[in-house]
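**Q** dropping the sequence and predicted coords here.
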Amino acid sequence: MEAANICWWPLFLSLYDFSLFFVYLYNVSWPKFWNFVVYLLENIFVMKRFIIAFAVAVSVVACGSQQKKSVPQPAIVQPVQYTYRVKNVYPHATHCYTQGLQYVDGVMWEGTGEYGSSQIVTYELGEDAPRVELSLPASEFGEGITLLNGELFQLTWESNVCHVYDVATRKKLRDYRYPGEGWGLTSDGEKLYMSNGTATIYRVDPATFRREGRITVTLRGEALNYINELEWIDGKIWANVYTTNYIVIIDPATGVVEGMIDCEGLLSDEDITTRTDVLNGIAYDAATKRIFVTGKRWNKLFEIEPVKR
């Protein structure tokens, strides 16, 4: 904040006038009250002069204290709009309420939700009978998953706990506590990134699960809530937006949505049943640059290619 260039002479002059008035008041004989009144009336212009000058000076100070350097506002980013092209279609188990998805070394890992049926399953593309690797207690609702450095991290929705397993043995290694809800989870190869259903994505230390930073996801300058399942793809965070058919592409440094993929119509009307739920689940095969998406209790898993509109 810059100090304002303030002209102080009106205030000093008025203080001088006011001091003369008090000198007179000090020396006046109090019984001569009417002489004081006469003086006051005769010198009312002095009081008026003081009040006006004082008000002007205070106003200048107040206005000057609020002056700030002009800070240019960041330009509103208009996200690139995409539709999609389906490259391949694979079966997907309809009992899987997809909460997390990751493709590693030819195997798809999927974390599922719902109380009493939350699991982590694996399968190869084309298989329609996933293998159950881990099951959560009935009191926990499974959420996002990610694999990092031989460990598997699994969030829970409202239990405030992240389970960590050894990928090779499937044995639990430890649990971490965290405040609030757990939704999506991904990794850039070093750190974890976690969503909680708001516009916030936290950067988390995988060794301690301590939050080291946060970004607010914004779309055209406004916070975008309901950020759900996450996937790290070529330096960007791809995220499902809960209850919508959109996947957003987020700059992890700023939180700005740089692209939007409209997946409307991906699952045909013939494939939708009363149990079919929303689009959720993004996986990336870094070796072949393939992108996979599915949804909660969908009967298909799709390999898609974004197509700019």
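**A** The structure has been received and is ready for your questions. Residues are numbered from 1 along each chain as shown.

**Q** paired strands for the one helix or strand I249 maps to, with orientation please.
**A** Element membership for I249, per DSSP states H and E: strand 246-250. Strand pairing for strand 246-250, using DSSP bridges, gives strand 236-241 (antiparallel), strand 257-262 (antiparallel).

**Q** test my guess that E231 contacts I282.
**A** Yes. Under the criterion of CB atoms under 8 Å, E231 makes contact with I282 at 4.0 Å. In short, each C-beta sits where N, CA and C put it, glycine included.

**Q** can you list the domains in this protein?
**A** Listed by automatic domain parsing, the domain ranges of the chain are 9-65, 80-308.

**Q** now those domains as CSV including mean pLDDT?
**A** CSV is the format used below for the domains of the chain (pLDDT from 0 to 100):
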stretch, mean pLDDT
domain 9-65, 52
domain 80-308, 97
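
**Q** tabulate the ones you listed (JSON lines), appending mean neighbour count.
**A** Shown next, in JSON lines, are the domains of the chain (neighbours: other CB atoms under 10 Å):
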{"stretch": "domain 9-65", "mean neighbour count": "13"}
{"stretch": "domain 80-308", "mean neighbour count": "18"}
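
**Q** next, N228: phi, psi?
**A** phi -120, psi -120 (degrees, to the nearest 10).

**Q** quick check: it vs D166, distance?
**A** 27 Å (CB to CB, to the nearest Å).

**Q** wait, isn't G197 in contact with E229?
**A** No. Assessed by CB under 8 Å, G197 is found out of contact with E229, at 11.2 Å.

**Q** overlap in contacts of the two?
**A** The contact sets of G197 and E229 overlap at W183 (CB atoms under 8 Å, 6 or more residues apart in numbering).

**Q** please name the residues that touch the most centrally placed residue in the chain.
**A** Most central in the chain under CA atoms, centre = their mean is T200, positioned 2.0 Å from the mean C-alpha point. Shown in contact with T200 (CB under 8 Å, 6+ apart): R214, I215, T216, V217, I227.

**Q** make JSON lines out of these and add secondary structure and distance to W157.
**A** Listed next are those as JSON lines, based on DSSP: H, G, I helix; E, B strand; the rest coil; distance: CB to CB, whole Å:
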{"residue": "R214", "secondary structure": "strand", "distance to W157": "20"}
{"residue": "I215", "secondary structure": "strand", "distance to W157": "22"}
{"residue": "T216", "secondary structure": "strand", "distance to W157": "22"}
{"residue": "V217", "secondary structure": "coil", "distance to W157": "19"}
{"residue": "I227", "secondary structure": "strand", "distance to W157": "14"}
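
**Q** partners of the closest residue to G144 other than its chain neighbours in the sheet?
**A** Leaving aside its chain neighbours, G144 sits nearest to L185 (3.5 Å; criterion: CB to CB, 6 or more residues apart in numbering). Beta-bridge pairing for L185 (DSSP bridges): M194.

**Q** pretty sure L185 sits against L230.
**A** Yes. In this structure, L185 is within contact of L230 by CB under 8 Å, at 6.3 Å.

**Q** who touches both of these two?
**A** G144, Y193, M194, S195.
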